[in-house]
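> 3D, please:
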Amino acid sequence: MALFGKNKNDSNGAAAAQSTQSFLDVAEVRDGVIMLKDGNLRGVLAVSSVNFSLKSDDEQNAIISSYQSFLNSLESSVQILVQSRKTDITPYIDMMKNRMSSVSNQLLQMQMAEYIEFITRLTDVAHIMTKTFYVIVPFNLNNAKQGFFGKVGHIFNPRHSVVIDAAAFEANKKELLQRMAEVAQRLSSTGLNSKPLETAEVVELLYSSYNVGSVSGFQGSELDKLDLQ
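Numbers count the residues shown, from 1 in each chain. The predicted model follows:
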């Protein structure tokens, strides 16, 4: 699945986009799996969160202890990603406006209009942010290890990619999914729920990571609606 589209009517923009993408490590996203240009794979788990500051001292100590146990139980490295996004309340405001138009009571309409105005001003001034948590699970090919000169060569030749056939990809993906299941199981022991991201969700995450401030304009599945219960 292509990550960035090209505008045929803007050759300069297309060339710039292609040049930028050639320096990214991501080759494609297939079956919810990120394939890097060196052939290594990455899987992404969306993870629920807890409000640590609202917990008692005993509960906080228990959370810290369970998190330490989680880190010690890992057999391979993982990456923990926290993404902050400005809260987009446009769908909620539109819903309230639709409800207001269906209300016949004039006083109730005025109250709803004042509420909508208050919420809109509050979010504009306060810049309310939402945080989403991810655990990125890697699967590195044994033959993908590079020495110093190989890494330097990759820098000067960013378009170079490792080609993997379908059978090898399925075998590697199976191993990656097993690792992701193990990480999810260990996360559940700490009281955290997790869910593997699907292709559209991974693409949205990548797009928002490389296009800060353009999240609201991206037409993809909404990560904040993931069922982590």
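> what about the longest strand in this structure?
As assigned by DSSP state E, the longest strand anywhere in the chain is strand 129-139.
> adjacent strands (with direction) for that strand?
strand 41-47 (antiparallel), strand 79-86 (antiparallel) (DSSP bridges).
> surely Asn193 and Ser48 touch.
Yes: using Cβ atoms under 8 Å, Asn193 makes contact with Ser48 at a distance of 4.4 Å. For the C-beta atoms, the positions are set from N, CA and C on the backbone; glycine is no exception.
> what's the span of stretch 192-202 from first residue to last?
Between the start and the finish of stretch 192-202 there is a gap of 20 Å, counting by Cα to Cα, to the nearest Å.
> return the set of buried residues in it.
Leu192, Asn193, Ser194, Lys195, Pro196, Leu197, Thr199, Glu201, Val202 (16 or more other Cβ atoms under 10 Å).
> list the contacts for the residue most central in space within the chain?
Residue closest to the average C-alpha location in the chain (Cα atoms, centre = their mean): Leu205, at 3.6 Å. Taking Cβ atoms under 8 Å, 6 or more residues apart in numbering, we find Leu205 in contact with Val44, Gln83, Tyr134, Leu197, Leu223.
> I'd like the distance between the first one and Val33.
As defined by Cβ to Cβ, to the nearest Å, Val44 lies at a distance of 9 Å from Val33.
> okay, and for this protein, where does confidence drop off?
Applying pLDDT under 70 to the chain flags the ranges 1-21, 142-164, 212-229.
> show me the domain layout of it.
For the chain, automatic domain parsing gives the domain ranges 11-84+130-225, 88-127.
> so of the ones you listed, which one's packed in deepest?
domain 11-84+130-225 (a mean of 14; mean count of other Cβ atoms under 10 Å).
> show me where this protein has helices.
Using DSSP state H, the helices of the chain run over residues 11-21, 57-73, 90-101, 106-126, 148-156, 166-188, 199-210.
> now those as TSV including distance to Glu28?
Formatted as TSV, the helices of the chain follow (distance: least, Cβ to Cβ, whole Å):
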stretch	distance to Glu28
helix 11-21	11
helix 57-73	31
helix 90-101	30
helix 106-126	36
helix 148-156	17
helix 166-188	10
helix 199-210	10
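> and those: which comes nearest Asp38?
Among the helices of the chain, helix 148-156 comes nearest to Asp38, with 7.4 Å by Cβ to Cβ.
> so which of the strands paired with strand 129-139 gets nearest Leu187?
Taking Cβ to Cβ, strand 41-47 is the member of those nearest to Leu187, at 6.2 Å.
> just the residues contacting that closest one, thanks.
Residues from elsewhere that reach strand 41-47 (Cβ under 8 Å, 6+ apart): 32-36, 132-139, 172-173, 176-177, 179-180, 183-184, 187, 192-197, 201-202, 205, 223, 226, 228.
> swap in 7 Å and give it another go.
33-36, 132-139, 172-173, 176-177, 180, 183-184, 187, 192, 194-197, 202, 205, 223, 226, 228 (Cβ atoms under 7 Å, 6 or more residues apart in numbering).
> any idea what sits nearest Val103, other than its immediate chain neighbours?
Leaving aside its sequence neighbours, Val103 sits nearest to Gln109 (Cβ to Cβ, 6 or more residues apart in numbering; 5.3 Å).
> list the contacts of Phe123.
Not Phe; residue 123 is Thr. Contact partners of Thr123, counting by Cβ under 7 Å, 6+ apart, are Thr87, Ile89.
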